[in-house]
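> Below is the sequence, then the predicted model.
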Amino acid sequence: MEKQFDSLKGQLLLDGGKLRGSFFNRTVVLICQHDDEGAFGLVINRPSGNKVGEMIVANLPDRLKEHPLYVGGPVQPAALSFLHSDTYLPQANVFPNLNLSHSIDELVELGESFSATQRMRIFAGYAGWSPGQLEDEMRRGAWLTHPANIELVFQREPAQLWTDILRNKGWQYRLLAESPEDLSAN
């Protein structure tokens, strides 16, 4: 009997405290695709400190140039991805009303359109796992899972997201959330 594949698509992965010293220390990763061929995710809590217009050479609408650019992960740092949300997106491919795309033309088109309820986050790079790699990391306890939603993906204070989610997960995660980044300071 074949084991059923449990996709983590649409879930958040949080550093479970075992990734200290790595790129993924205190990250929150939205899993956008996950199947038996591997997984693709975006780190949603790591702003690069740059604006999109400073880093992407393209004829972008001015309002897109002012968006903060996020570091989506360590893989292909020049690769463009963006998450887009609106009140109703029938073709959403991550979860209801949240779409992932990599097309600069689609990004420009969205930047030129107007919707009071539209949200967008633009990323350079991504997090990727080969077949079975993410499942192995999950078995080793490297990651904690948490249901994703639009409000978490587009949180106004992304640098606080990891701590906020852990604090709200319950008392058993509070110690991890409140531990200092540098343990020698403890």
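Here it is on my side, so go on. Here the structure is a predicted model, which means the values were calculated and not measured.

> Please, which helix or strand holds L89?
Under the criterion of DSSP states H and E, L89 resides outside all helices and strands.

> which residues does it contact?
L89 makes contact with 96-99, according to C-beta atoms under 8 Å, 6 or more residues apart in numbering. C-beta coordinates here come from the backbone N, C-alpha and C atoms, glycine included.

> Top of those residues by number of neighbours, please.
Within the contacts of L89, neighbour counts (other C-beta atoms under 10 Å) peak at L98, which reaches 22 neighbours.

> how many neighbours does the nearest residue to that one once chain neighbours are set aside have?
Using C-beta to C-beta, 6 or more residues apart in numbering and skipping residues adjacent in sequence, the residue nearest L98 is S85, 5.0 Å away. When neighbours are counted by other C-beta under 10 Å, S85 registers 21.

> any idea how far S85 lies from W143?
24 Å (C-beta to C-beta, to the nearest Å).

> what do you get for D35?
Applying C-beta to C-beta to D35 and W143 gives a distance of 17 Å.

> The two: which has the busier surroundings?
Between D35 and W143, counted using other C-beta under 10 Å, W143 has the larger neighbour count: 22 against 11.

> In contact with that one, which residues?
13-16, 29, 134, 137.

> So what does it look like in phi/psi?
Dihedral angles of W143 (phi, psi; degrees, to the nearest 10) stand at phi -120, psi 150.

> Find me the pLDDT at it, would you?
pLDDT for W143: 97.

> close enough to count as contact, the residue nearest to L98 and S115?
No. Taking contacts as C-beta atoms under 8 Å, S85 lies outside contact range of S115: 9.9 Å.

> buried ones in the helix or strand of the chain with the lowest mean pLDDT?
Ranking every helix and strand in the chain by mean pLDDT, DSSP states H and E puts helix 171-178 at the bottom, with a mean of 88. For helix 171-178, burial by neighbour count (16 or more other C-beta atoms under 10 Å) applies to 173, 176-177.

> nearest to Q160, of the residues you listed?
A177 (10.2 Å; C-beta to C-beta).

> What strands line up against the helix or strand V29 falls within, and which way round?
Here V29, judged by DSSP H and E, is contained in strand 28-35. Using DSSP bridges, the strands paired with strand 28-35 are strand 11-15 (antiparallel), strand 38-43 (antiparallel).

> which residues are in contact with the last one?
Translated: strand 38-43. Counting by C-beta under 8 Å, 6+ apart, 8, 13, 24, 27-34, 70-73, 81, 83, 100, 123, 126-131, 133-134 sit against strand 38-43.

> Which among the residues you listed count as buried?
8, 13, 24, 27-34, 70-73, 81, 83, 100, 123, 126-129, 134.
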